[in-house]
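>>> Fold the following.
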Amino acid sequence: MAKKKKNRFSKFFILLLIGATAYWIWKGPSQPKKSSSTPVEIPTSLPSKTEGETKLGPGSKAIPSIKPLLETFPKQAWLDDYLQIPLNSQLLLMGIGLAPDGKNPDQILNPDQLHPALLVLKKEGDHYLKKDEFNFSTSEPTEAGISGNDLRGIPRIKPENILFLDSDKSPELRVSIDTTGEWTEAVAFLKWKNAHLEWVKTRDSSGKEKLALWLQGSTATESQEILIRKDPPTQRLQVIQKKGVLDSAHPENGFIPKIIVWEMRDGVLQEK
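This next block holds a predicted model:
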């Protein structure tokens with residue numbers, strides 16, 4: 001009798017072992033769970049959305065975390081995407097998009113529905129204080145022939161777009177912004193002066209002043225490019241407006257080029 005019980009026990013153990021082996025093969029070896037604190041690689045143009053500061057590589061500056069920045073954003077700001085550059089050693093410049101009045105920014109999926117704006121922030125301890133907020137919406141006449149209300153999306157800024165067009169040591173800023181029209185983009189020039197951002201103005205040969213906002217790109221009949229170059233004799237920076245117009249009588253000749261040079265004098269971009 002004892003022998004029969006032993007045989008039954010052995011068969012039961014063998015069946016149990018076979019079943020466990022089959023389940024292990026079907027399920028596969030267990031994988032260690034990934035920790036929720038595993039660092040995630042982020043784009044260099046966007047601030048980290050984790051606490052603290054993240055280094056992006058040798059010699060790179062720390063990217064501020066979003067947590068201490070949140071209190072500086074306007075309530076209608078769209079937080080899925082924004083750009084930042086240092087304006088100087090103390091100030092941070094940030095390009096953001098604002099939702100139209102009455103719209104919930106969390107429900108906007110297309111950034112083209114946003115209105116461009118810039119924030120100037122100063123770090124105080126672990127937090128940032130908002131020093132200035134610039135909204136591009138304006139009805140003043142511009143070189144582009146459009147108003148600031150036609151600008152859309154999030155303004156694009158780069159460190160190399162901080163310029164010194166004159167000798168007053170207050171920087172100018174070149175900003176690229178999307179528009180509602182068929183042109184590729186608009187190019188705006190702002191000035192950091194008296195702790196505020198303000199429009200740079202132009203003055204043509206007749207003395208008429210406008211906001212320094214141009215369109216850039218090309219359409220079926222014209223093209224335009226806005227460049228920055230140094231004047232060889234003076235080494236001063238100039239804004240170059242490179243225009244092209246199609247001759248309707250001879251479209252096979254392509255765009256007819258025209259160059260307009262703008263130079264900062266007395267705080268205003270003037271035709272040279």
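
>>> Show me the strands in the stretch 1-150 of the chain, by range?
For the stretch 1-150 of the chain, the strands defined by DSSP state E, counting those that start in this stretch cover 77-86, 91-98, 115-124, 127-135.

>>> looking at this protein, which helix or strand is least sure?
helix 2-27 (a mean of 49; mean pLDDT, DSSP states H and E).

>>> Give the buried residues for stretch 181-201.
183-192, 197, 199-201 (16 or more other Cβ atoms under 10 Å). From N, CA and C alone the C-beta is placed, and that goes for glycine too.

>>> out of those, which are inside strands?
185, 186, 187, 188, 189, 190, 191, 192, 197, 199, 201 (DSSP state E).

>>> ok, the fifth one touching residue 264?
Same thing as residue 189. No. Residue 189 is beyond contact range of residue 264, at 9.5 Å (criterion: Cβ atoms under 8 Å).

>>> quick one: common contacting residues for the two?
172, 200 (Cβ atoms under 8 Å, 6 or more residues apart in numbering).

>>> pLDDT score for the residue nearest to residue 129 when sequence neighbours are not counted?
Among residues not flanking residue 129 along the chain, residue 122 sits closest, at 5.1 Å (Cβ to Cβ, 6 or more residues apart in numbering). If you check residue 122, the pLDDT there is 93.

>>> separation between residue 122 and residue 213?
Using Cβ to Cβ, to the nearest Å, residue 122 is found at 27 Å from residue 213.

>>> Helix, strand, or coil at residue 169?
coil (DSSP: H, G, I helix; E, B strand; the rest coil).

>>> so how many other residues sit close to it?
6 (other Cβ atoms under 10 Å).

>>> Just list the residues touching it, thanks.
Per Cβ under 8 Å, 6+ apart, neighbours of residue 169: none.

>>> Tell me which of the strands of the stretch 1-150 of the chain approaches residue 146 most closely.
strand 115-124 (13.3 Å; Cβ to Cβ).

>>> what are the ranges of the helices in the stretch 151-272 of the chain?
Counting by DSSP state H, counting those that start in this stretch, the stretch 151-272 of the chain has no helices to list.

>>> deepest of the strands of the stretch 1-150 of the chain, which one?
strand 91-98 (a mean of 23; mean count of other Cβ atoms under 10 Å).

>>> before we move on, back to that, the residue nearest to residue 129: what's it in contact with?
By Cβ under 8 Å, 6+ apart, the neighbours of residue 122 are 90, 91, 92, 128, 129, 131.

>>> do that again at 6 Å, thanks
If you count contacts by Cβ atoms under 6 Å, 6 or more residues apart in numbering, residue 122 has them with 90, 91, 129, 131.

>>> what are the ranges of the strands in the stretch 151-272 of the chain?
151-156, 162-163, 172-179, 185-193, 196-199, 201-203, 209-211, 213-218, 222-230, 237-246, 255-265, 268-271.

>>> coming back round to it: CSV for the contacts of residue 122, including distance to residue 260 and pLDDT?
Below are the contacts of residue 122 laid out as CSV (distance: Cβ to Cβ, whole Å; pLDDT from 0 to 100):
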residue, distance to residue 260, pLDDT
90, 36, 88
91, 32, 93
129, 40, 92
131, 34, 94
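
>>> From the residues you listed, pick the one nearest residue 81.
Using Cβ to Cβ, the contacts of residue 122 come closest to residue 81 at residue 91, 21.2 Å.

>>> ok, that closest one to residue 122 distance?
In terms of Cβ to Cβ, residue 91 sits 6 Å off from residue 122.

>>> and if you look at residue 166?
From residue 166 over to residue 122 (counting by Cβ to Cβ), the distance is 25 Å.

>>> next one: residue 218
40 Å.

>>> Over to residue 174?
Taking Cβ to Cβ, one finds residue 174 at 22 Å from residue 122.

>>> Could you check the pLDDT of residue 44?
pLDDT at residue 44 comes out at 34.

>>> cool, residue 242 as well?
Listed pLDDT for residue 242 reads 95.

>>> Find the nearest non-adjacent residue to it, please.
In space, residue 242 is closest to residue 225, 4.5 Å off (Cβ to Cβ, 6+ apart).

>>> Tell me the one of the buried residues of stretch 181-201 nearest residue 80?
residue 185 (20.4 Å).
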